[in-house]
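Predicted model follows, preceded by the sequence.
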Amino acid sequence: MKFPVPHDVKAKTIPGTEGWERMYPYQYQFVTDDPVRNQYEKETFWFYDGLHYPEPLYPFDTIWDEAWFLALSQYNNRIFMVPPVRGVDHRMINGYVYISPVPVKNPEEIGSRVPHFMERAGHYYKNWDALEAKWKVKMEATIRELEALEIPRLADMEDISVVTDALGESKGYHLLKNYDDLINLGIKCWQYHFEFLNLGYAAYVFFLDFAQKLFPSIPAQRVTQMISGIDVIMYQPDEELKKLAKRAIELGVDAAVCFSQEWTEVEAALKKLPKGVEWLTSLNLSREPWFQVSTGTGWFHHDRSWNDQMNVPLSGIQTYIQKVKQGVNIERPTEKVRAERDRITAEYRGLIEKPEDLKQFDELLGCAKTVFPYVENHLFYVEHWFHSVFWNKMREVGAIMKEHGVIADVEDIWLLRRDEIKQALWDVVTAWATGVTPRGTQTWPKEVEWRKGVMQKFKEWNAPPAIGTAPEVIQEPFTIVLWGVTNSSLADWAAVAEVKDPSTVKEFKGFAGSPGIVEGKARVCRTVDDIRLLQEGEILVAPTTSPSWAPAFAKIKACVTDVGGVMSHAAIVCREYGMPAVVGTGHATKIIQTGMMIRVDGSTGAITVSR
Amino acid sequence: MATAAKATRIDTASGAGQSSAPELCWFEEVCKEDVALVGGKCSSLGELINAGVRVPPGFALTTHGYARFMREAGVGGALPGMLEGLGHDDLDRLESASREIREMIEAHPFAWDLEDSIAEYYRKLSVRCMVPAVPVAVRSSATAEDLPGASFAGQQDTYLWIRGVDDLLHHARRCISSLFTARAIAYRIRMGFPHEDVALSVGFQKMANSYTAGVMFTLHPANGDRSVIAIDSNFGFGESVVSGEVTPDHFVVNKVALDILERTICSKEITYTVDARTQKSVKIETPFERQSVQSLIDDEIIELARMGKAIEKHYGRPMDIEWAVDKDLPAGGNIFILQARPETVWSEKRKAEEAAPGKATTAMDYILSSLLTGKKVS
């Protein structure tokens, strides 16, 4: 398999984007002026992280990439001493992130890392539940701290209490300090994010590996089915909507809840009804923290939470109210799912012939079951709850920058790197203290406009799935399980790159996410807002789905996504509802248009489009 | 009936015990312990029926019936004289002895009461199938099929699309006479197996009028994966698949979840079907437009897999199964199992592996060793 040389790809600068490199950290660049680094970059295999970044990164949003660059790598390489791998290196071309696992090449060094790994990883595996309970406490404390963090406005005259309390500090200083605190909390949260994840994935991937050794044809979704948790908190936001739907019917306010698609109108109507107020109280209890769930993956500033977009959960509640009134059971079929999980596990166990294989299977299954709830639950704490609060704190920072004229709109803040924001805040604060105009009022707005144009051009660019030199062996567990880098996926990526005109594609493939075959009308929903357009029995086609999309699954009969593996939200939910899903197709939302008849084969991952 | 089969050696000379032993029986009256009575093939069909598997109905001429026929045809008594001093490599004499014995068998009528019994069973079978003079497959069912090199038993003899009592009787005699081909005689001489100890049963089974037919393995033939069922199918009778004359459609079904994992639709150029005039199986060229059409619908694939799973469970081991979808019957009751025998290739391999078992380790050790090995990508 042959892939392009990274530096050749980068050298073809998109006209009008010259100088784009300044939008991102300098260490993310492929270089030509450093022969040693250049050689390393050429000999290394880099693959586009389309799983996390379906679109180019905004300069500020690069924060999470840097955060996991550090966190994943340190846990592999410096904390757990995973014997054959160091961290995962990062680069960027035209706003798209390329990553590469770094192996330990010297066999002696690998050997010397083994005892440390056994001790360190062993400690976590052995004490998993107790350590995970500690993790929850740390994580919740971090979120509380974030919520309490004040982003102060700069008054013309400081409050008298500064004097009477002899505080000795100004709001200007607080703004600078609290911005730093905000960033540091974010980085800390991502330290925690990876505390268990590397080991969790390792346990999962090698259970999968062993199951595939015993049963070469076993679909990954079946392995996941054997270990996936039933009571994961990822389902809780959706459960809250169901609860609220039932509560509305109980209180007799369901008509009021359903009378408009606009939350503000519904809320105003409810406030006039005594029972409506009671329902609103229940709603407020649900909102913290469950409505902090993001409408996207949570990785990007534009992924707003339900709390930010109340029309989204409202539409979900309305769907459930209708279902309940039609006499449809909206409860998750938990018992059924559990019974099916146990049946599948027992049947596979029954097919294992050698007792020592059975013992190994049980051993690995037990380990995978222990680690798996974390693998699912951390998402809500970090990517959803923490991030939702974090993005809004950043908007408060943006509001202050706008107030002082360094940016034209709050949302312009995302076009600055986080260290540029810090500089701009110094500019603002010193000018405020001094009583002069910040220099940035003349420089940033122009730069932001230019960057917006660059981002638009980046979005239209097609990032090659892989560049550099393919390795013979991959040992880094994330690379295998999360990004699914295998021989066949590389071949598929090479094929995807060749699709020139999406409107001619009749058949394409993704990962088999949930079994079954369904034919029906497609509905392309690019964002969660679009799910209100879904008609009963349509097939949902989406870039990716997240917990906030849950109400959509009550209406559809199959789901297709661009991004995600067998453990992605869409795959898990579809398995639970017993409907087919094909995930990680790469480009379903480009090929399929709303109204087209498509056939989804969730057992093989094939999509057929009738044209 | 298993008790009746306890008489392991059928004495062709004396006919002892024949009065209490049945000469004919329905498949459902026997089970896998009845090999000595009805041979391997018929006893396994009985076993399947009793396990709740849908098998085309039929009956067997038992080894008692066979023994009586041989005695009355005078073959039993004549054998020692005819074969005396014969060497297994004396081809000319073997051929002539074989011809003589076979003519003797094929020319001899069944006793009138035995003929009447066969006719009565056949009439009842036709009534059961709601087809007048129902077409049947007549096949020999040998008692020694499990012996190594069992082909001497002549179990390859199968006559399809046989209708009417006279034809049934004629082909039954042909099955019996196939025990005395030159090759079979030579084989027994070489193995020191007494000719008079040979016993045979003849099965008469309703022909499945198959729209589609084929074979099914309850493991993956390519890698031995026991979690799948592999199905090969083509339109018409299963002969085209069994003989390898076509590249059949190929399906792989997950045994646990019963969903279709792989589906390969091939261009199937020939079909075996029944000639309406002669009522015989004929090979025809499949119309071009139909060649690449999926020969089994998904519901049938799943139903077959379900049956395969049940059969495997009953026998407690991977199985090799022949099946057919009957076009005379409505969906839901039209898939039939024609034959089921233990799968051998992978089972043998596994036995060999068991001599050197791997060792189970802790999850930690396994994760470590797997990390060290990594995943090959190119």
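Yep, it's here.

Might you calculate how far the helix or strand where A:Glu66 lies sits from the centre of the chain?
Assessed by DSSP states H and E, A:Glu66 sits inside helix A:62-74. Counting by Cα atoms, centre = their mean, to the nearest Å, helix A:62-74 is centred 14 Å from the centre of its parent chain.

residues in contact with that helix?
A:24-25, A:28, A:53, A:57, A:86-88, A:90, A:97, A:183, A:186-187, A:189-191, A:193-194, A:197-198, A:299, A:417-418, A:478 (Cβ atoms under 8 Å, 6 or more residues apart in numbering or on different chains). Quick note: C-beta positions are derived from backbone N, CA and C, even for glycine.

Produce a PyMOL select command limited to the buried residues of those.
Listed next is the PyMOL selection for buried residues among those, using 16 or more other Cβ atoms under 10 Å in any protein chain shown:
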select buried, chain A and resi 24+25+28+53+57+86+87+88+90+97+183+186+189+190+191+193+194+197+198+299+417+418+478
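
Show me the contacts of helix A:62-74 that map onto strands.
A:Arg86, A:Gly87, A:Val88, A:His90, A:Val97 (DSSP state E).

Using PDB, write out every CA atom in the host helix or strand of A:Lys177.
Using DSSP H and E, A:Lys177 falls within helix A:171-193. Output in PDB follows, covering the C-alpha atoms of helix A:171-193 (Å, rounded to 0.1, in the frame of the first residue of the first chain):
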ATOM      1  CA  LYS A 171     -10.700  42.400  38.300                       C
ATOM      2  CA  GLY A 172      -8.100  42.800  35.500                       C
ATOM      3  CA  TYR A 173      -5.800  40.500  37.400                       C
ATOM      4  CA  HIS A 174      -8.700  38.100  38.100                       C
ATOM      5  CA  LEU A 175      -9.600  38.000  34.400                       C
ATOM      6  CA  LEU A 176      -6.100  37.000  33.500                       C
ATOM      7  CA  LYS A 177      -5.800  34.500  36.300                       C
ATOM      8  CA  ASN A 178      -9.200  33.000  35.900                       C
ATOM      9  CA  TYR A 179      -8.600  32.500  32.200                       C
ATOM     10  CA  ASP A 180      -5.500  30.600  33.000                       C
ATOM     11  CA  ASP A 181      -7.500  28.600  35.600                       C
ATOM     12  CA  LEU A 182     -10.100  27.900  33.000                       C
ATOM     13  CA  ILE A 183      -7.500  26.500  30.600                       C
ATOM     14  CA  ASN A 184      -5.800  24.500  33.300                       C
ATOM     15  CA  LEU A 185      -9.000  22.900  34.500                       C
ATOM     16  CA  GLY A 186      -9.600  21.800  30.900                       C
ATOM     17  CA  ILE A 187      -6.200  20.300  30.600                       C
ATOM     18  CA  LYS A 188      -6.600  18.600  34.000                       C
ATOM     19  CA  CYS A 189      -9.900  17.200  33.000                       C
ATOM     20  CA  TRP A 190      -8.200  15.500  30.000                       C
ATOM     21  CA  GLN A 191      -5.500  14.200  32.300                       C
ATOM     22  CA  TYR A 192      -8.300  12.300  34.100                       C
ATOM     23  CA  HIS A 193      -9.900  11.400  30.800                       C
END
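
which other residues reach it?
Counting by Cβ under 8 Å, 6+ apart, A:63-64, A:67-68, A:70-71, A:135, A:138-139, A:142-143, A:145-146, A:149-155, A:158, A:378, A:382, A:386, A:390, A:393-394, A:397, A:400, A:418, A:421-422, A:425-426, A:428-430, A:432-433 sit against helix A:171-193.

Give me the domain ranges for the chain.
Just going to use chain A. Following automatic domain parsing, one finds the domains of chain A at A:6-122+A:463-481, A:233-325, A:502-609.

Chain B was what I was after
Split by automatic domain parsing, chain B gives B:4-206, B:210-354.

Mind checking the pLDDT average for the longest one?
Domain B:4-206 carries an average pLDDT of 82.

now do stretch A:538-545
Mean predicted lDDT for stretch A:538-545 stands at 90.

For that stretch, give me every contacting residue.
With Cβ under 8 Å, 6+ apart, stretch A:538-545 has contacts from A:54, A:296-297, A:518, A:520-526, A:531, A:534, A:549, A:552-553, A:555-564, A:568-570, A:573, A:588-589, A:592, A:598, A:600.

Select from these every entry located in strands.
Among the contacts of stretch A:538-545, DSSP E puts A:Val518, A:Gly520, A:Lys521, A:Ala522, A:Arg523, A:Val524, A:Ala558, A:Cys559, A:Val560, A:Thr561, A:Ile598, A:Val600 in strands.

Among those, which one lies nearest to chain B?
A:Val518 (12.0 Å; Cβ to the nearest Cβ).

Can you add pLDDT and give the ones in strands among the contacts of helix A:62-74 back as CSV?
Shown next, in CSV, are the ones in strands among the contacts of helix A:62-74 (pLDDT from 0 to 100):
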residue, pLDDT
A:Arg86, 90
A:Gly87, 90
A:Val88, 92
A:His90, 97
A:Val97, 95
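
nearest to chain B, of those?
Distances from chain B to those, taken as Cβ to the nearest Cβ, are shortest for A:Arg86 (12.8 Å).

Out of the ones in strands among the contacts of stretch A:538-545, name the two that are farthest from one another.
Using Cβ to Cβ, the two most remote members of the ones in strands among the contacts of stretch A:538-545 are A:Lys521 and A:Thr561, lying 17.2 Å apart.

rewinding a little: which PyMOL command selects the buried ones in the contacts of stretch A:538-545?
This is the PyMOL syntax for the buried subset of the contacts of stretch A:538-545, where burial follows 16+ other Cβ under 10 Å:
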select buried, chain A and resi 54+296+297+518+520+522+523+524+525+531+534+549+552+553+555+556+557+558+559+560+561+562+563+564+568+569+570+573+588+589+592+598+600
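
Against chain B, which of the contacts of stretch A:538-545 make the cut? List them.
Among the contacts of stretch A:538-545, no residue sits close to chain B (Cβ under 8 Å from any Cβ of the partner chain).

So which of the ones in strands among the contacts of helix A:62-74 reach chain B?
Within the ones in strands among the contacts of helix A:62-74, nothing lies near chain B by Cβ under 8 Å from any Cβ.

For B:Asp232, state which of these is nearest.
A:Val88 (45.0 Å).

circling back to that earlier point, please work out the angle formed by the directions of the helix holding A:Glu66 and helix A:171-193.
Orientation check (axes from the mean of the first three to the mean of the last three Cα atoms, to 10 degrees): helix A:62-74 against helix A:171-193 gives 40 degrees.

Need the CA coordinates for helix A:62-74. PDB is fine.
The C-alpha coordinates for helix A:62-74 follow below in PDB (Å, rounded to 0.1, in the frame of the first residue of the first chain):
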ATOM      1  CA  THR A  62      -7.000  22.600  19.100                       C
ATOM      2  CA  ILE A  63      -6.900  22.700  22.900                       C
ATOM      3  CA  TRP A  64      -8.400  19.200  23.200                       C
ATOM      4  CA  ASP A  65      -6.100  17.800  20.600                       C
ATOM      5  CA  GLU A  66      -3.100  19.100  22.600                       C
ATOM      6  CA  ALA A  67      -4.700  17.900  25.800                       C
ATOM      7  CA  TRP A  68      -5.000  14.300  24.600                       C
ATOM      8  CA  PHE A  69      -1.600  14.400  22.700                       C
ATOM      9  CA  LEU A  70      -0.200  14.900  26.200                       C
ATOM     10  CA  ALA A  71      -2.500  12.700  28.200                       C
ATOM     11  CA  LEU A  72      -2.600   9.600  26.100                       C
ATOM     12  CA  SER A  73       1.100   9.700  25.400                       C
ATOM     13  CA  GLN A  74       2.200  10.200  29.000                       C
END
